[in-house]
Every structure is written in C-alpha cells, then in structure tokens.
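A.B. asks: 3D, please:
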Amino acid sequence: MREIKIHGIYKHFKGDFYLVEEIAKDCETLESVVIYRKLYEDGSCWVRPLKDFMEKVNHEKYPNVEQEYKFELIEPYSKREKFKGE
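C.D. replies: Residues are numbered from 1 along each chain as shown. Now for the predicted structure:
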C-alpha cells in the first residue's frame, strides 16, 4: 500500500493541488481520514477517508485521465535548486 506524506503536495486527478496536513481517526468509526488543504481559492481544509484518498482513478468513468491514483504526490522543486554551485 502507498504511504501518505504529511505536508506533501498532492495533485488530484482533475488537476488541482492539495497539501496533506495530517492523518486522523474518525471519533465514531475509528476509520483513518486524511486532513488536507486546498492550495487554491480560499485554502480551506477538507477531510476524506484514507481509503478514498488512496484509491485508483475509475478509468471507465474517466477514460481520458492519465493519472493512476485520485491523489498523487508531486515533487515540487525550488527554482533556487537550479542555481546550486554557481
């Protein structure tokens, strides 16, 4: 199973980006949930079950999506990294 990176930036298969804030437990079901923040518009926080966050894209419903999973970790880089050693 894939692991969640706390404070990692994830791309949703529909194109927007999110910051994972934390993994928590639902107080009634004890199900693991992901707390994540939109990196656009109002920056609001959202929560969804971990199993849903980790699911693969339904390619029958979304045949033109190239991304394998609903949310995929991206590795942003700093533009400063390009200038190391100069």
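A.B. asks: most residues in a single strand of the protein, which one?
C.D. replies: In the chain, assigned by DSSP state E, the strand with the most residues is strand 17-25.
A.B. asks: now that strand: mean pLDDT?
C.D. replies: In this model, strand 17-25 has a mean pLDDT of 98.
A.B. asks: What strands flank that strand, and is each parallel or antiparallel?
C.D. replies: strand 9-12 (antiparallel), strand 32-38 (antiparallel) (DSSP bridges).
A.B. asks: Can you mark which positions in the last one are buried?
C.D. replies: Put plainly, it is strand 32-38. 33-34, 36 (16 or more other C-beta atoms under 10 Å). All C-beta spots, glycine's among them, are computed from the backbone N, C-alpha and C.
A.B. asks: same deal with the first one?
C.D. replies: Of the residues in strand 9-12, those buried under the neighbour-count criterion (16+ other C-beta under 10 Å) are 10-12.
A.B. asks: can you redo these as a markdown table with distance to A24 and pLDDT?
C.D. replies: What follows is the buried residues of strand 9-12, written out as a markdown table (distance: C-beta to C-beta, whole Å; pLDDT from 0 to 100):
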| residue | distance to A24 | pLDDT |
| --- | --- | --- |
| Y10 | 16 | 97 |
| K11 | 22 | 97 |
| H12 | 20 | 98 |
